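Chemist: got a sequence here, can you model it:
(4 chains, ligands or ions: 2)
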Amino acid sequence: MNNKTKYDAIKIREDFPVLFQEVNGKPLVYLDNAATTQKPLSVIRKISEYYEKYNSNIHRGVHFLSQKATAEYENSREIVRRFINAKSTKEIIFLRGTTEGINLVANSFGKSNLKAGDEILISHMEHHSNIVPWQLLCEVTGAVLKVIPISDNGELDFDAYKNLLSERTKIVGIVHQSNTLGTENPVKAMAKLAHDAGAIIVVDGAQSIQHFAVDVQDLDCDFYAFSGHKLYGPTGTGVLFGKESLLSTMPPFQGGGDMIASVTFEKTIYNSLPYKFEAGTPNIEGVIALGAAIEYIEGIGLDNIYSYEKELYSYTAEKMSEYPEIKLIGSAPKKGGVFSFVIDNIHPHDIGTIFDLEGVAIRTGHLCTQPVMKRFNIPAVSRVSLGIYNTKEDIDRAAAVVKKVLEVFA
Amino acid sequence: MNNKTKYDAIKIREDFPVLFQEVNGKPLVYLDNAATTQKPLSVIRKISEYYEKYNSNIHRGVHFLSQKATAEYENSREIVRRFINAKSTKEIIFLRGTTEGINLVANSFGKSNLKAGDEILISHMEHHSNIVPWQLLCEVTGAVLKVIPISDNGELDFDAYKNLLSERTKIVGIVHQSNTLGTENPVKAMAKLAHDAGAIIVVDGAQSIQHFAVDVQDLDCDFYAFSGHKLYGPTGTGVLFGKESLLSTMPPFQGGGDMIASVTFEKTIYNSLPYKFEAGTPNIEGVIALGAAIEYIEGIGLDNIYSYEKELYSYTAEKMSEYPEIKLIGSAPKKGGVFSFVIDNIHPHDIGTIFDLEGVAIRTGHLCTQPVMKRFNIPAVSRVSLGIYNTKEDIDRAAAVVKKVLEVFA
Amino acid sequence: MDNPLREIYQQVILDHNKSPQNFRVIENPTNYSEGFNPLCGDHIHIYMNIVDGKVEDISFQGNGCAISKSSASIMTTIIKGKSREDAEKYFQKFHDMVTGVETTPEEEESLGKLLVFQGVREFPARVKCASLAWHTMHSAIEGKETTISTE
Amino acid sequence: MDNPLREIYQQVILDHNKSPQNFRVIENPTNYSEGFNPLCGDHIHIYMNIVDGKVEDISFQGNGCAISKSSASIMTTIIKGKSREDAEKYFQKFHDMVTGVETTPEEEESLGKLLVFQGVREFPARVKCASLAWHTMHSAIEGKETTISTE
Ligand SMILES: Cc1ncc(COP(=O)(O)O)c(C=O)c1O
Ligand SMILES: Cc1ncc(COP(=O)(O)O)c(C=O)c1O
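Modeler: Numbering: from 1, shown residues only, chains lettered A, B, ... in the order given. Ligands and ions are numbered 1, 2, ... in the order given. Purely as a prediction, here's the structure:
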């Protein structure tokens, strides 16, 4: 599939067995993709195959199963490297998810490089996982957390960013695409400015990696974190990309097996990259299946996904605009397939339940972005978020539920 | 199955599809169970079922899939609680493995409770994952790592333990059963003494939880860590049990989604237990399947497993003793199904390869216990480690390979 | 409106959601507590005046979904004028009902208008919404100062 | 001995393992390096005297498996007396052979007794054992002070 006109969502749907079921007596429509994505059969089968054919601990065995498992695990690392165009597999660290990736940077890079008075700059649209690790780091080091404001349409205030940057800035943390507002942030331009100021930039890629092509060398970001489970891969997997020049100077985050070259009670020598940051038995199954997920996505093509989801988002926005009661939260000119909304006097939780009763899965709540809620002075939102298998019919179903919601609370 | 005489390893084997294959033209014999265990069909099926029926992010959704996934995830927590007889599910934290559990204790409890001059006491038979986190902690706090010696047969020197304990001791870290020597340590008695000295005790249960019944209240340990993948469950899962009284006073380890009650840039309030320690999307699939693994094990009964494996170990020791060239490493009176050995002038790596060529999977190397290697003045060992599906025939096959090894290197 | 929808969003609930009773602040209450549902951001304040063991006045403030708001509203109408003990009894009964504890027909009868929340027990994610006000009232009576959280 | 076993544990390898050549220390070598395989704990020291671009003497010490020991032993017998350039060429040829790079029949011929290690490439976990001595020798020639690790 190399060409937008050939994008066949119906055919893609068929690869996802979970979509073929009824919920509350209605055929399921899954529009909660920003929370987690469903998994194609190739991923599910890869997991069974792993456990039925070559499950084994890796890196330390000479027997056949262990060699096979090690080769598959390391093959996934190469798949990820290629997928984000990292220079070397040494720069690819497998973890549990985006959250752990950011915590690793905060703990390992942060604690060894920051001191009282240094500044960490994040945006007002960050997910809690790109806020709390920095708050914890500030508590320990005495560094100060500064926040780049956002405008009423949910765009980053780029001028404010420039003004906030200074020689005190040591780390810039930015979400590539907001999970609540859909806003796509100008990471490449931000990286340039951060580097000019002498800071490093940490990108939360949890909501971008599955929607458009990411090239870490082109972005020139220092760290890039994402989650496998939002990329049509298994839960419990995540990737932290880090520039080799930084990773190699950083102390380990966790200690244990596999991350050492040699241990004595007097002196322990750490292993080389990337193993230094992968202490203990990793999620072997998960990493191997994540490789299969990325191959699946590459088969469709991220550029195709990008245009298709854009088109579907336009359709969503159009359909939803038929209801004047709906207030869209987040309308940056550059945004992805996320439609968050509120309706006056109807609480998102009630909206979510009515969607559920109609078989349509959406997410409601603060979406782990409480500062965004506060910024827009709302307690919570309802969010429709798109994935590769969604269709216009799914959007029609969602729009029909809105009608029902308005009727119930008329 | 409630009675030892009824233990039917052949029938159990049938639940493990991976065992039915040829390796290098010979039927596979899997004797690398201490590295990781194979998974029964019920676990593999639980994973497929999760992805085919109700994959969803948990805790934050009102829609059907999310409620179902949340219920199953929390059900696993209750299964674990019951399995180790913890008082409350608040004391059960899901992580990646034993290694992460110990790192959590070192970082969260350790950094907030230890100061320069305090002592951490571990044994000479610890796995790297119960050494390196404490070394990292000592570096940061100035605490001192002390080591309980072991005797020539691989037993803990209990008198030395008593003498090393003092009011300076803040943490005792001990492996319940050694992965290299098989030694079972007297954790209950050690806990009593540790508490008398005012220290807490952290138990590495990676090699015990799958072999005999563990009751954390009876042991009265403060923390107990184990890995799902060594308990016939999926990779990427682990459990840290911690006493509620301790966990509730400890600062978070990682920050992010799910571990917070409320986030503002000024002040973040952490969630209640156990969520405070589960930042970000966890390994939902893995935790749910771990529940299935524990139910499988409970179906056989840990007491049955204990007696069966003891019997099979005796058989192993007997068979292997037919070769005078074999030198057993670790012969404590109380030991589990681990047979580590060396043969003069034949390197374990060569032994491992010949075993592999004969279709028998064993592990060779330092087994992540380099201090044990140093203690016995050997570069590495070869290890046969038993699981619930192993049979006397498996041991016969292993013994036959030893013969071959001796022939090759005659 | 079809059936499952009607089961949870009964007219009484919708009415109380629109026009909540006792939705106000009591100045200098004898008892007060704050409740919190971190999942959805629901947040409630319960104010009470308990004099000689009797709930002379009770009110609430805060924002939440229709279930939590109507539950709070209906609760205040029931608890007002009751003894402290009766209030606690209602709390227990309500709790049992929404968490699905078996109830006898007599007990059901005694629940009165609270029965409209029976449908909630089919929606595990929403049980917390229905019980937030009750838990908060309970903690106000007990005089606990801590913020309570239903999670 | 059946086939796959014989493929890797050829008699030459077993012989060198039992009686390694040049298994000794050279005092004050012109070139030296230490190699390390954290996987299995293999550890090797390579000592060389290179005079006017020629390897006058080479020896090794350390412990390791039969593959790594015999590889080191055979390597010393080949490299001794060769020019520095030839030593490096052999390193490259050996590396290509065990990692499975396509070789022409002429190249194979030039490998001579090193061909006994061809079987190793069927055993990915053991390739590192066979090449540890070579990598260490290579780094000794380059005069790098760092400990090298095959992982
Ligand atoms: C005794 C012991 N402790 C800790 C570990 C570490 O477990 P994991 O790698 O699953 O974190 C292991 C297993 O490798 C072990 O055998
Ligand atoms: C923007 C963003 N960042 C970070 C995360 C955290 O990802 P995870 O929970 O997989 O660690 C998420 C998802 O919840 C997200 O949407």
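Chemist: number of nearby residues for residue 120?
Modeler: Just so you know, I chose chain A. 26 (other Cβ atoms under 10 Å in any protein chain shown). Every residue, glycine included, has its C-beta placed from N, CA and C.
Chemist: sorry, should have said chain C
Modeler: Quick note: residue C:120 (other Cβ under 10 Å) scores 25 neighbours.
Chemist: that one against residue C:134, yeah?
Modeler: No - if you go by Cβ atoms under 8 Å, residue C:120 and residue C:134 don't touch, sitting 12.0 Å apart.
Chemist: contacting residues around residue A:88?
Modeler: Neighbouring residues of residue A:88 by Cβ atoms under 8 Å, 6 or more residues apart in numbering or on different chains: A:81, A:244.
Chemist: same question, residue A:116
Modeler: Per Cβ under 8 Å, 6+ apart, neighbours of residue A:116: A:141, A:142, A:143.
Chemist: need those residues in JSON lines (columns: secondary structure and distance to ligand 1).
Modeler: As requested, the contacts of residue A:116 are exported to JSON lines (DSSP: H, G, I helix; E, B strand; the rest coil; distance: Cβ to the nearest ligand atom, whole Å):
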{"residue": "A:141", "secondary structure": "helix", "distance to ligand 1": "29"}
{"residue": "A:142", "secondary structure": "coil", "distance to ligand 1": "33"}
{"residue": "A:143", "secondary structure": "coil", "distance to ligand 1": "31"}
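Chemist: which of those sits closest to chain B?
Modeler: residue A:141 (12.7 Å; Cβ to the nearest Cβ).
Chemist: model confidence for residue A:2, exactly?
Modeler: As predicted, residue A:2 sits at a pLDDT of 47.
Chemist: pretty sure residue A:136 contacts residue B:255?
Modeler: Yes - if you go by Cβ under 8 Å, residue A:136 and residue B:255 touch, sitting 5.0 Å apart.
Chemist: more crowded one of these two?
Modeler: Remark: of residue A:136 and residue B:255, residue B:255 carries more neighbours, 26 against 21, as counted by other Cβ under 10 Å.
Chemist: how about the nearest residue to that one, chain neighbours excluded?
Modeler: Nearest residue to residue B:255, sequence neighbours excluded (Cβ to Cβ, 6 or more residues apart in numbering or on different chains): residue A:132, at 2.9 Å.
Chemist: what's the burial count for the one you found?
Modeler: Using other Cβ under 10 Å, residue A:132 has 27 neighbouring residues.
Chemist: tell me who's in contact with it.
Modeler: By Cβ under 8 Å, 6+ apart, the neighbours of residue A:132 are B:252, B:255, B:256, B:259, B:260, B:263, B:268, B:279.
Chemist: mind redoing it with 6 Å?
Modeler: By Cβ atoms under 6 Å, 6 or more residues apart in numbering or on different chains, the contact set of residue A:132 is B:255, B:256, B:268.
Chemist: for the last one, give me the pLDDT.
Modeler: We note a pLDDT of 90 for residue B:268 in this prediction.
Chemist: name whatever forms a beta bridge with it.
Modeler: Beta bridges link residue B:268 to residue B:263, judged by DSSP bridges.
Chemist: any figure for the gap between it and residue A:9?
Modeler: Residue B:268 sits 40 Å away from residue A:9, taking Cβ to Cβ, to the nearest Å as the criterion.
Chemist: how close does the residue nearest to residue A:374 when sequence neighbours are not counted get to residue A:135?
Modeler: In space, and not counting its chain neighbours, residue A:374 is closest to residue B:264: 6.9 Å by Cβ to Cβ, 6+ apart. Distance, residue B:264 to residue A:135, using Cβ to Cβ: 10 Å.
Chemist: so those two - more neighbours on which side?
Modeler: residue A:135 (21 against 12).
Chemist: mind checking the SS state of the more buried one?
Modeler: With DSSP: H, G, I helix; E, B strand; the rest coil as the basis, the three-state label of residue A:135 is helix.
Chemist: once you drop chain neighbours, what's closest to it?
Modeler: The spatial neighbour of residue A:135 that comes closest, neighbours along the chain excluded (Cβ to Cβ, 6+ apart), is residue B:268 at 5.6 Å.
Chemist: do residue C:38 as well
Modeler: Residue C:38's closest residue in space is residue B:261 (Cβ to Cβ, 6+ apart), at 4.5 Å.
Chemist: so stretch A:75-95, near ligand 2 or not?
Modeler: No - applying Cβ under 6 Å from any ligand atom, one finds stretch A:75-95 separated from ligand 2 by no less than 8.9 Å.
Chemist: what residues does chain A have near chain C?
Modeler: A:347, A:349, A:350, A:357, A:365, A:366, A:379, A:380, A:408 (Cβ under 6 Å from any Cβ of the partner chain).
Chemist: count the neighbours of residue A:314 for me.
Modeler: Residue A:314 has 11 neighbouring residues, counting by other Cβ under 10 Å.
Chemist: can I take it that it is in a helix?
Modeler: Yes - Residue A:314 forms part of a helix when assessed by three-state DSSP.
Chemist: so it versus residue A:335, what's the distance?
Modeler: Distance from residue A:314 to residue A:335, by Cβ to Cβ: 11 Å.
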